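K.L.:
Just the structure for this:
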Amino acid sequence: MKKESTAGTLIENSVWGYTVYNIFTKANHYRWWNIYSEIKYWYLAYGKCTYMIEIKWKNVSHNLEQGDTFCIHAWIPNIFYFHEDSLLIESFPHTAKKEKYLAYQTIKKNKISIID
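P.N.:
Below you'll find the model as predicted:
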């Protein structure tokens with residue numbers, strides 16, 4: 001599956017029981033996702049971005065550069081802001097369930113800064 005928008009392109013693949021997204025995002029765009037019941041793994045193949053997660057009702061931001069890897073545990077909301085054109089690779093088990101997390105939709109829609 002391939003989805004295109006003004007922010008960029010998302011390509012979905014299936015590998016060894018995992019869903020894998022190649023997320024090409026243009027500079028100065030946000031990406032937000034649903035929250036998932038399983039751990040998600042990330043690799044920033046190129047570019048720079050900041051991601052924010054919510055832990056115990058507090059938002060925490062982290063800056064990422066090309067080559068960084070990280071994971072986000074189950075049911076942790078997250079949003080990304082891309083400083084440069086970037087390729088982010090995301091993977092999670094096919095068994096993951098997802099739910100909408102509307103709080104971060106407001107950040108994206110109103111372009112509120114998530115940068116420390």
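K.L.:
Next up, the contacts around the residue lying closest to residue 35 once chain neighbours are set aside.
P.N.:
Ranked by Cβ to Cβ, 6 or more residues apart in numbering and with sequence neighbours excluded, the top spatial neighbour of residue 35 is residue 101, at 4.8 Å. (Each C-beta comes from the backbone N, C-alpha and C, glycine too.) Going by Cβ atoms under 8 Å, 6 or more residues apart in numbering, residue 101 touches 32, 33, 34, 35, 77.
K.L.:
make it 10 Å
P.N.:
Residue 101 is in contact with 32, 33, 34, 35, 36, 54, 75, 76, 77, 78, 79, counting by Cβ atoms under 10 Å, 6 or more residues apart in numbering.
K.L.:
Just list whatever residues bridge to the last one.
P.N.:
Under the criterion DSSP bridges, residue 79 forms beta bridges with residue 32, residue 52.
K.L.:
you'd agree residue 105 is in a helix?
P.N.:
Yes. Checked against DSSP: H, G, I helix; E, B strand; the rest coil, residue 105 lies within a helix.
K.L.:
And it, how close does it get to residue 96?
P.N.:
Distance check for residue 105 against residue 96: by Cβ to Cβ, to the nearest Å, it reads 20 Å.
K.L.:
where does this protein dip in pLDDT?
P.N.:
33, 106-116 (pLDDT under 70).
K.L.:
So which of residue 105 and residue 96 has more stuff around it?
P.N.:
Set side by side, residue 105 and residue 96 show more neighbours around residue 96, with 16 against 13, by other Cβ atoms under 10 Å.
K.L.:
OK, contacts around residue 103?
P.N.:
Contacts of residue 103 by Cβ under 10 Å, 6+ apart are 32, 54, 59, 77, 79.
K.L.:
Most neighbours among the residues you listed, which one is it?
P.N.:
Counting neighbours by other Cβ under 10 Å, residue 79 leads those with 23 neighbours.
K.L.:
quick one: buried residues of stretch 55-64?
P.N.:
Neighbour-count burial for stretch 55-64 flags residue 64 (criterion: 16 or more other Cβ atoms under 10 Å).
K.L.:
Give me the contact list for that stretch.
P.N.:
42-44, 47-54, 68, 70, 73, 76-77, 79-83, 86, 88, 103-104, 107, 113-116.
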